[in-house]
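Enquirer: Here is my input; please provide its structure:
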Amino acid sequence: KMPNTYVIKRVLTDMIGKEFTDEQFEDICFEFGLEVEFTNTDEMKKRNDVEDDEAKPATEENKEESKTKAKKAKKNKKKEEEKAEPVYKIEVPANRYDLLSAEGIANAMKSYLGLGELPNYRILNKNEALERVIVKPETQDVRPY
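Expert: Now for the predicted structure:
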């Protein structure tokens, strides 16, 4: 299972410096090699509440707490719907750690779309050994490298 990054649409487009329709953004992500799903902040809150409830043991106290949450959710539903913002759920490939944040996705998209410079990543500790392999005597016959 690949990790996902959730980014509020408004925040991401502000960082990129360009507005997109959902269809345009989906096409750009596809060309870039990413999969995107669309949700909103309200759905994310509901999903987190469900996950929290599923993680708790089924005790009478937790059942009462769940009922109270449900009542509050119904009461505030109108307010939350008005405040709900579109969210992009972006599936990140395992080898793209730079895309695990809104900033990383914005930087990658800006350079891909020609809206910004390519990031310049440098190794700061190049005088030191970056890796060291220790082969223990008990594993040397099985794995000599």
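Enquirer: CA atoms only: put stretch 8-18 into PDB for me.
Expert: C-alpha atoms of stretch 8-18 as PDB (Å, rounded to 0.1, in the frame of the first residue of the first chain):
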ATOM      1  CA  ILE A   8      -6.400  21.200   0.800                       C
ATOM      2  CA  LYS A   9      -6.900  22.400  -2.800                       C
ATOM      3  CA  ARG A  10      -6.700  26.100  -1.900                       C
ATOM      4  CA  VAL A  11      -3.400  25.700  -0.100                       C
ATOM      5  CA  LEU A  12      -1.800  23.700  -2.900                       C
ATOM      6  CA  THR A  13      -2.900  26.100  -5.700                       C
ATOM      7  CA  ASP A  14      -1.700  29.000  -3.600                       C
ATOM      8  CA  MET A  15       1.700  27.300  -3.300                       C
ATOM      9  CA  ILE A  16       1.900  26.500  -7.000                       C
ATOM     10  CA  GLY A  17       0.600  30.000  -7.900                       C
ATOM     11  CA  LYS A  18      -1.900  28.800 -10.400                       C
END
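Enquirer: ok, and what's touching that stretch?
Expert: Stretch 8-18 has contacts (Cβ atoms under 8 Å, 6 or more residues apart in numbering) with 19-20, 25, 41, 85-88, 102-103, 105-106, 109-110, 113, 115-116. Every C-beta, even on glycine, is put in place using the N, C-alpha and C of the backbone.
Enquirer: Kindly write the PyMOL command that selects the buried subset of these.
Expert: What follows is the PyMOL syntax for the buried subset of these, where burial is set by 16 or more other Cβ atoms under 10 Å:
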select buried, resi 20+25+41+86+87+88+102+105+106+109+110
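Enquirer: burial count for residue 138?
Expert: Look at residue 138: counted by other Cβ atoms under 10 Å, it has 7 neighbours.
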